[in-house]
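J.: from the sequence below, what's the structure:
(chains A and B)
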Amino acid sequence: MKNKFISKLLLLVAFSILLYSCMHDDLNSSAENSPSKKYNSKSVWKEDETYIKNVMKIYQENESEIKKVNGTPLWGYAMTMGHTDESFLIVPIASGKTIVSCLKVPRNGNYITFINDTDPEHIKFFQGYTTIQKRKAIKQEQMSSESARGIVQCAVSTVSMWYPNSETNPDAGGHWETQYITTCSEIGGGDTPTNPNPEGPTYPYPGGGGGGGGTGSNSSNTCQKIKDKQNNTKYSQKYDALNKSEIFNKDSERGFYELQPPVGVNVESGFVQVDGPPGSTGLDLPANTDRITGLFHTHNNVEGSVKIFSPTDVRTFVNIFVSNAKVFLGNYADAYSTVVTSSGSYTLKYSLMTSPPGVTRDTGKIWNEWYKREMSRAVSPEDGSIDQSKVEQIFMQFLNDVVKIEGLEIFKVTSNTSEKLTYNPTTKVVTSVPCP
Amino acid sequence: MKNIILIAIFIISLTCNAQEYPLTTTEVPSNAYIKDLNNQLPAFDGSWKGTWKNKTFLVNFKKVKYYFTHLQNNPYYQDILIGKFQVKDANGNILFDNLNIPDNQAKIEGSRMFTNGTYSLSYLDSDLCDKMGFIRIAFTNSTKTQMILKYSEVSDLIEPSCFFYGKPGDQRPEPIPKEIILTKQ
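T.: Here you go, the predicted structure:
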């Protein structure tokens, strides 16, 4: 009797497991088939699949931020409009079977941006393109023309689609109709491409879209690069202009960013002063960061001030200054970010000859969580300050354990000296090695 | 035989338990339980209210046991306070309100207790362009019905995508007062 009961129980358990696994198989497979998760080309053209897949990944990681309309991107129908250099795509957004919008995704250097496109011609094109059973590629063309602000480059794709003569009677025959889709971008007067979406966020594009460059490290040159900068009169003047008690005691932060001239224009870089609003603790980045390769800024003497880089400082350096340095100076290692404080100044450098991995906003959020937890544990109960050696130790642990970007180096600097900080993860001790 | 098994289970359960440390612990050992051994946190529990700049600040503190996994190879448990708050202007208009968000999304999260009774917390607000800061609270009377709250903000670069980018200082969000006396409700 007892054995029979146990057998029945085991049978019941086995059946439950089977049911559970079947259910999960079903869920998994439906997730994989979801149009927003996997790329299966349904295009009539040979598309730039590398670009589409990379854009899909970035979209999926940042969907909540990018999504502006209710609908799902139909990645299978994404079109790169004849571009093969990982530079552009347009994808329809569908709600059910209705195309409600499109997303245009151009690459600008090492960044991409997502532009909501409600052009009725584009929506109409994709409504047919995504629902018509018979489609034929006709031709793809690139053309350019001059406009008041520069050169407009357009791509035109022509597709023939077969429409039935009667919606209700499939035997009534049909006819072919030619449909076009045209996408254009503007390039300002000989400069680098302008940001087509200045209001929207940008996202680092993996590998910079084949921007190229050698591999290997030039770490030993980093000290020399800092020294070269310190010997530059303009650079040292800006450092000295910030390294003053009256600046540290202001109720707003001050900074200078180094702006490079457009590619091909042979003039020296310039420094632009930026001031945070009075009574604030932040400093606004310029709206256009395209040609910025370096930044100095202060962290002032206010209660609770963390006198070293914030996670956003690090992210901005990696995502913007380092890639700009490659474009405008030919070398990632020429980028810098320096924070000037009354407890010491620090410079971030990147020493490798290959592009650092881009830092997404989601990664930035993980950085923020770690940073605030660990820094807040070190705050003094009396005045909210943090002992500077503790700040250095926590920040170095942050770089080592959380940021983990090979080639990212930090130096403690004065107007004419620098020492590289290193961190031992076992002992959690920070040591500094003076630059020769 | 039965006794041996029971003893073995008892020993295993003892060794599996995380080692307990007080809230004032600075270095956190792996798998530790930073526990409110002196029962200090319940006194902070509940609603606290105060006014500043003609605004009303209401904060609810709640004691929870939290499992931290952000440190590399060093997860640990800790009894902490979490905080949710609401700010109203003089006309009763709600300026900031996160009273009803889930506990695991609370924007204010406890850090540690100091030996002088001050408790420190961190603040991170993804709704305000990742505004980050540190909070310290301490009782100001022996009956523990009043506390002082001090807040300091972490300096940061403001990106163009942030909604208060480019705005003057007085038009930027100020969700938490720099200093305020709060009364228990």
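J.: lowest-confidence helix or strand of chain A?
T.: helix A:2-33 (a mean of 43; mean pLDDT, DSSP states H and E).
J.: confirm A:Asp383 sits in a helix?
T.: No - under DSSP: H, G, I helix; E, B strand; the rest coil, A:Asp383 sits outside any helix and is assigned coil.
J.: list phi and psi for A:Tyr235.
T.: Per-residue torsions, A:Tyr235: phi -60, psi -50 (degrees, to the nearest 10).
J.: quick one, what contacts it?
T.: A:Lys229, A:Glu258, A:Phe271 (CB atoms under 8 Å, 6 or more residues apart in numbering or on different chains). Where C-beta positions appear, they are placed from N, C-alpha and C, glycine not excepted.
J.: now with 7 Å, please.
T.: Shown in contact with A:Tyr235 (CB atoms under 7 Å, 6 or more residues apart in numbering or on different chains): A:Lys229.
J.: now it: how far from A:Cys223?
T.: 15 Å (CB to CB, to the nearest Å).
J.: stretch B:96-114: which residues count as buried?
T.: B:Phe96, B:Asn98, B:Ala106, B:Lys107, B:Ile108, B:Glu109, B:Gly110, B:Ser111, B:Arg112, B:Met113, B:Phe114 (16 or more other CB atoms under 10 Å in any protein chain shown).
J.: and for the helix or strand hosting the first one, what's in contact with it?
T.: Secondary-structure assignment from DSSP states H and E places B:Phe96 in strand B:94-97. Judged by CB under 7 Å, 6+ apart, the contacts made with strand B:94-97 from elsewhere in the structure are B:Lys55, B:Phe85, B:Gln86, B:Val87, B:Lys88, B:Asp89, B:Pro175.
J.: isn't the third one right up against B:Leu99?
T.: This means B:Gln86. Yes - counting by CB atoms under 7 Å, B:Gln86 sits close enough to B:Leu99 to count as a contact (5.1 Å).
J.: bridging residues for B:Lys88?
T.: Taking DSSP bridges as the rule, B:Lys88 bridges to B:Thr56, B:Ile94.
J.: what about whatever residue of chain B ends up closest to chain A, how many neighbours?
T.: Proximity of chain B to chain A (CB to the nearest CB) peaks at B:Ser152, 2.2 Å away. Neighbourhood size, B:Ser152 [other CB atoms under 10 Å in any protein chain shown]: 22.
J.: so the residue nearest to it when sequence neighbours are not counted, which state does it fall into?
T.: Spatial nearest neighbour of B:Ser152, chain neighbours left out: A:Gly304 (2.2 Å); criterion: CB to CB, 6 or more residues apart in numbering or on different chains. Of the three states, A:Gly304 takes coil under three-state DSSP.
J.: likewise A:Lys250?
T.: A:Lys250 - assigned by three-state DSSP - is coil.
J.: quick one: contacts for the nearest residue to it once chain neighbours are set aside?
T.: Leaving out its chain neighbours, the residue that sits closest to A:Lys250 by CB to CB, 6+ apart is A:Asn300, at 6.2 Å. Contact partners of A:Asn300, counting by CB under 7 Å, 6+ apart, are A:Phe248, A:Lys250, A:Glu253.
J.: now A:Asn300: which helix or strand?
T.: Using DSSP H and E, no helix or strand contains A:Asn300.
J.: try A:Tyr423
T.: Going by DSSP H and E, A:Tyr423 is in strand A:418-424.
J.: next up, the contacts around the closest residue to B:Tyr66 other than its chain neighbours.
T.: Nearest non-adjacent residue to B:Tyr66, counting by CB to CB, 6+ apart: B:Ile80, 5.1 Å away. Contact analysis of B:Ile80 by CB under 7 Å, 6+ apart lists B:Val64, B:Tyr66, B:Glu109, B:Gly110.
J.: which single residue in the stretch 301-436 of chain A comes nearest to chain B?
T.: A:Gly304 (2.2 Å).
J.: that residue reaches B:Phe134, doesn't it?
T.: Yes - checked against CB under 7 Å, the pair A:Gly304 and B:Phe134 is within contact range at 5.1 Å.
J.: so what sits against both of those two?
T.: The contact lists of A:Gly304 and B:Phe134 share A:Val379, A:Gly384, B:Ser152, where a contact means CB under 7 Å, 6+ apart.
J.: where does confidence bottom out across these?
T.: Model confidence across these bottoms out at A:Gly384, which has 83.
J.: state the distance from A:Val44 to A:His175.
T.: Taking CB to CB, one finds A:Val44 at 18 Å from A:His175.
J.: when these two are compared, which one has more neighbours?
T.: A:Val44 (17 against 9).
J.: where's that one, which helix or strand?
T.: Per DSSP H and E: nothing holds A:Val44, as it lies in no helix or strand.
J.: which bits of chain A sit near chain B?
T.: A:200-201, A:253, A:277-285, A:287, A:299, A:302-306, A:310, A:312-313, A:316, A:365, A:368-370, A:372-373, A:376-377, A:379, A:381, A:384, A:401 (CB under 7 Å from any CB of the partner chain).
J.: which of those residues are buried?
T.: For those, buried by 16+ other CB under 10 Å: A:200-201, A:253, A:277, A:280-285, A:299, A:302-306, A:310, A:312-313, A:316, A:368-370, A:372-373, A:376-377, A:379, A:381, A:384, A:401.
J.: for chain B, what spans make up the helices?
T.: B:2-16 (DSSP state H).
J.: with adjacent residues omitted, what lies nearest to A:Cys102?
T.: A:Cys102's closest residue in space is A:Asp117 (CB to CB, 6+ apart), at 4.1 Å.
J.: isn't that neighbour up against A:Val105?
T.: No - assessed by CB under 7 Å, A:Asp117 is found out of contact with A:Val105, at 9.8 Å.
J.: can you give me the pLDDT of residue 154?
T.: Assuming you mean chain A. pLDDT, read off for A:Cys154, is 63.
J.: could you do chain B instead?
T.: For B:Val154, pLDDT reads 92.
J.: might you report the residue contacts of it?
T.: Per CB under 7 Å, 6+ apart, neighbours of B:Val154: A:Val306, A:Ser310, B:Met132, B:Gly133.
J.: same thing with A:Lys134?
T.: Contacts of A:Lys134 (CB under 7 Å, 6+ apart): A:Trp162.
J.: any idea how far A:Gly174 is from it?
T.: 8 Å.
J.: mind listing the strands for chain B?
T.: B:20-21, B:33-34, B:46-52, B:55-68, B:76-88, B:94-97, B:108-113, B:119-125, B:131-139, B:146-153, B:156-158, B:179-184 (DSSP state E).
J.: now the end-to-end length of stretch A:319-335.
T.: 11 Å (CA to CA, to the nearest Å).
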